[in-house]
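Chemist: Sharing a model that was predicted from the sequence below.
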Amino acid sequence: MTCVIITGPQAVGKMTVGQSLAELTDLQLFHNHMTIDLVSHFFNYDEPAAKRLVDLFREEIFREVARCKEKGLIFTYVWAFNEPDDWAFIENLKSIFHNADKEVYIVELEADVTERLKRNASENRLLHKPSKRDTTWSKSELISSMENYRLNSLDGEISDENYLKINNETLTAAEVARKIVSHFNLSERDK
């Protein structure tokens, strides 16, 4: 099986595309807020303990999935391209799957900030991401992150062979998922 990493800025549609991709394939969705929201019951995300626990849970899940021949996953991640720690995180994630002889695919989504602000308060996002339910805070965080981080890659910056960048501003999640399946020739779920 494989690992598909879906990256892009907040509210670009990573989780929703991941949900559609999971419906088409035998891959399981592991969106980044599954660990963030778990740990937030005990620690604020800006506390060192929270970051350490989120990273620990994620890495252990990656390692166990990589060990299973029949399992694969879709992981969503906001990758700050100007942060060396984020590059190191992605490299570590890729190495876990490559060391288990699994393929890794990177899909980068991009959309205009106006569209992302609309999606920020979507019903699906708020249902699956409790920490985003304070939409005033979430909107402020989305805007301020653009001042501090570069959340889409520059042309040619990602040199992986298994890489696809999609502007999904006017595409449905199902359309994007179909593009991913087609581009990487992923196995579709038996119907």
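Modeler: Yep, that arrived.

Chemist: Disregarding residues adjacent in the polypeptide, which is nearest to the residue sitting nearest the centre point of the chain?
Modeler: Centroid-nearest residue in the chain, with C-alpha atoms, centre = their mean: Thr76, separated by 1.2 Å. Spatial nearest neighbour of Thr76, chain neighbours left out: Lys14 (3.9 Å); criterion: C-beta to C-beta, 6 or more residues apart in numbering. C-betas here are computed from N, CA, C, even on glycine.

Chemist: before we move on, what about Thr7?
Modeler: Trp79 (4.4 Å).

Chemist: all strands for the protein, in order.
Modeler: Ranges of strands within the chain are 2-7, 28-30, 73-77, 103-110, 163-167, based on DSSP state E.

Chemist: Any idea which helix or strand in the protein has the lowest mean pLDDT?
Modeler: The helix or strand of the chain with the lowest confidence, counting by mean pLDDT, DSSP states H and E, is helix 123-128 at a mean of 61.

Chemist: Using CSV, write down the CA coordinates of the lengthiest helix in the chain.
Modeler: If you go by DSSP state H, the chain has its longest helix at helix 48-67. Output of helix 48-67 as CSV, limited to C-alpha atoms (Å, rounded to 0.1, in the frame of the first residue of the first chain):
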residue,chain,number,x,y,z
PRO,A,48,6.0,22.1,24.0
ALA,A,49,4.2,19.0,25.5
ALA,A,50,1.4,19.3,22.9
LYS,A,51,3.8,19.4,20.0
ARG,A,52,5.8,16.5,21.3
LEU,A,53,2.7,14.4,21.8
VAL,A,54,1.2,15.2,18.4
ASP,A,55,4.5,14.3,16.8
LEU,A,56,4.8,11.1,18.8
PHE,A,57,1.3,9.9,18.1
ARG,A,58,1.7,10.6,14.4
GLU,A,59,5.0,8.9,14.1
GLU,A,60,3.8,5.8,15.9
ILE,A,61,0.8,5.6,13.6
PHE,A,62,2.9,6.1,10.5
ARG,A,63,5.3,3.3,11.7
GLU,A,64,2.5,0.8,12.4
VAL,A,65,0.7,1.5,9.1
ALA,A,66,4.0,1.2,7.2
ARG,A,67,4.6,-2.2,8.8
